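> Sequence and computational prediction follow.
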Amino acid sequence: MAEIQLRNVNKRWGSFVGVDNFDLTIADQEFLVLLGPSGCGKTTTMRMIAGLEDATDGDIIIDGRVVNDLDPKDRDVAMVFQSYGLYPNMNVYENIRFPLKVRKVPEAEHDERVRRASAMVELDDFLHRKPAELSGGQRQRVALARAIVREPNVFLMDEPLSNLDAKLRVSTRAQIKNLSHELKVTTVYVTHDQIEAMTLADRVVVMKQGKVQQVGTPTDIYDHPANTFVASFIGSPAMNLMDGTLQGGTFSGDNVSISGLSAPDGPVTLGFRAEDATLAEGASGQITAPIYTIELLGDATMLTVRAGGQLVSVKAHKEYRAEIGDMVSFSVPVGICHLFHKDSGMRLETGADQHAEIA
Amino acid sequence: MSTPKAMQQSFALRFSSGAFLAIWCLLAAFPIFWITVMSFKSPVDAFADSPLDVIFGPVTRASGDGLSVVDIVLGLVVLFFAIRWAFTRLPALVRQYCPPGLIVLGWLVGALVYAIAFVLVFFGLLPLILGLLNGLLGPLGTPVLGLTTDHYVAVWAENEFYRNFLNSMLVTAGVVTISLTVGTLAGYGLARSGSDLAFWLLIFALVFRALPHSVLVAGYLPVFINSSEILRPIFGEGAPTLYGQPWAVIAVLVSINQPFTIWMLRSFFQNIPAELDEAARVDGCSHFQAFRRVIMPVMWPGVITTGLFSFLLGYNDFLVTSLLLDAQNQTMVPAIAGYFNRETTTTDQVEAVAAAVSITAPLFLLVMIFQRQIVSGLTAGAVKG
């Protein structure tokens, strides 16, 4: 049971800034996901919490105790590594038992605790095997069991699913979600996969080049991206972003004209999600352009056109068929539009947001 | 099992690579084969003009030392089973009777008992049986291959070659122990350190490795000879003369060998993912515990391979040991050179050859025992997990 506070934490290597002024309180029992592209400082942040990396400035406080100068072993955290970090010379049982052994937990408890942990991740049948004899998913589960066997204050998970194939990733993800629900331990989870972030997190921290872009619940981040980076990083497909100018409440760019927006005039970026827009009859929609490409996804048909200097995708119903080059028109109501500042990429609060919430 | 089309080789290529391999094996194996044959013959045969005489040894045979067909067949059968059981029965017995905690000790005892039993059977029981059989079998029992072990007896018993053997063991054991202890610690530190200093230390070590050995010997020799005078202010009257002492040779050999062991062990440590250290440290180990409990168990192939190379360096060294050791501390290699340098009769020379054959035996034994670790150490894929 622990609350983690990061107080203006910085990490610099020479002039290179790895993590820039990270300031956040992670509540007890919260599942926090650090999300961002590679090199954004998310793993460094986690390693600073674990004690594998020193913070250049700032305080890391776990459970009310400043831990900056403590060894990893004294912080009472458990970590799951990207490539598992299993001990190849020990079998699964010994791997899971290792933290108990080095921490001098009374021998009598070992067996029961190891078996309970291995049962949680469904590894009972593999206890005598060596890591080399396990599949990727099983190894990942051994790493999980090794982390939970000790019942630590904090769980740290560093892209635990990135070495698994797509199908296994989904099932292991579900298992992690279930485990965290059962164990109720503060968890920090690092990933570059926005779907993992959306599905697992209580709160998501989106990072880019060492800077925190937005902190919020998955819905928050999906529905109200703080800037164009978050908008283009979250969601599959990512949010459509078009360049154009706003004049008298009307956004206009190549092949696109949307009126009824309330924001100051000037160059802006307008975004909307592919699933929010719909096909319009004839040329009655706000975007009208020839089809650039058409993709059949099974549950829907994805239409892409050029508008506002960018490729813009919209989901149509799954029976929709057309040829590349056919004219198509999309209806983009004001309510689904997000406006961003053209240069800074920051979100512009508009009247349209309130419309959306009412609708 | 068929080879994929893309990997199939033309007949000419296969033939020439096969021929090359055959010639290479012949070139490499011939000297060993030849000195082994020579060492078992009387001097007249060993230095005979006809190679067939060297192999079959008519003079040796004439003097009554020889093997009949029965001897050869039975001897080979016993040898075959001895080697086979060493790999099948012996491990099974050790596993059965040894308590799990003492497996290393169990192996040592097992191997020793097995070796003694083998010697008793092969050199004690077998000749008795064969003596009887040869008498009974007539033509099959007459010697066809000349063979005498006189030279080995002379070398080991009369010339007291075992003293040289013990000295060699002392020197190599010292070199291997110190090299590996320092090498693993330094190699681990350097492998995990990202600092510039580590890089320069390694380059520095490489420079020392590149120095000719004679530089070190020439530098140490006068100091060792005068060491009692130099050390008197510190140790008083009892200050030792280092010249001639095995410890001094160990120090010099370690300083020659250490850069190499550090480099080699460092590259082994680098193959072990740093995540393993980190996992151990998060799991509750201190830095040193992580090294000892997690990294070292994974490192055995690397340690054994490096240890083997250190062993070879200490074992085969001639320059350092011949210059820095006095007569009663002499190791095997310079001792053999000494045989050749004596007022040589042909007998002395064959004895030198027998001694040379003797010193290869421990190497065979080592490689046989550690072959699996050596192979995985050399291919270094064992640590992926």
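All right, it came through fine. Numbers count the residues shown, from 1 in each chain, chains lettered A, B, ... in the order given.
> which residues sit in contact with B:Phe204?
B:Phe204 makes no contacts at all, as judged by C-beta atoms under 8 Å, 6 or more residues apart in numbering or on different chains. No exception for glycine: its C-beta is placed from N, CA and C like everyone else's.
> just the helices in chain A please.
Using DSSP state H, the helices of chain A run over residues A:42-50, A:92-102, A:107-120, A:136-148, A:166-183, A:194-200, A:218-223, A:228-233, A:351-358.
> so which of these comes closest to A:Phe81?
Of all these, helix A:136-148 sits nearest to A:Phe81, with 6.6 Å by C-beta to C-beta.
> Quick one: residues in contact with the closest one.
Here helix A:136-148 makes contact (C-beta under 8 Å, 6+ apart) with A:78-81, A:84-86, A:92, A:95-96, A:98-99, A:114, A:117-118, A:120-123, A:126, A:131, A:134, A:155, A:157, A:160-161, A:163-165, A:168, A:171-172, A:175-176, A:179, A:183, B:279, B:283.
> Can you verify my assumption that B:Ile336 contacts B:Ala352?
Yes - the pair B:Ile336 and B:Ala352 passes the contact test of C-beta atoms under 8 Å, sitting 5.5 Å apart.
> List the buried residues for the helix or strand containing B:Gln373?
Assigned by DSSP states H and E, B:Gln373 belongs to helix B:346-379. Across helix B:346-379, burial judged by 16 or more other C-beta atoms under 10 Å in any protein chain shown covers B:348-359, B:362, B:366, B:370, B:373-374, B:376-377.
> ditto for stretch A:160-169
By 16+ other C-beta under 10 Å, the buried positions in stretch A:160-169 come out as A:160-161, A:163-164, A:168-169.
> Can you tell me which of those is nearest B:Val109?
Distance to B:Val109 across these (C-beta to C-beta) is lowest for A:Asn163, with 45.3 Å.
> Low-confidence stretches in chain B?
Across chain B, the ranges flagged by pLDDT under 70 are B:1-2, B:343-344, B:377-385.
> Mind doing that once more with 80?
Applying pLDDT under 80 to chain B picks out residues B:1-7, B:64-66, B:98-104, B:134-144, B:159, B:235-240, B:340-346, B:369, B:371-385.
> Kindly reformat the buried residues of stretch A:160-169 as a markdown table containing pLDDT and distance to chain B.
Below are the buried residues of stretch A:160-169 laid out as a markdown table (pLDDT from 0 to 100; distance: C-beta to the nearest C-beta, whole Å):
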| residue | pLDDT | distance to chain B |
| --- | --- | --- |
| A:Pro160 | 89 | 12 |
| A:Leu161 | 89 | 16 |
| A:Asn163 | 83 | 12 |
| A:Leu164 | 84 | 16 |
| A:Leu168 | 85 | 18 |
| A:Arg169 | 88 | 20 |
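> Which one of the helices of chain A lies nearest to B:Ser39?
helix A:92-102 (50.3 Å).
> what about B:Ala327, how many neighbours?
B:Ala327 has 9 neighbours, counted by other C-beta atoms under 10 Å in any protein chain shown.
> show me the contacts for it.
Applying C-beta under 8 Å, 6+ apart to B:Ala327 gives no contacts.
> now swap in A:Lys318 and tell me
Going by C-beta under 8 Å, 6+ apart, A:Lys318 touches A:296-301.
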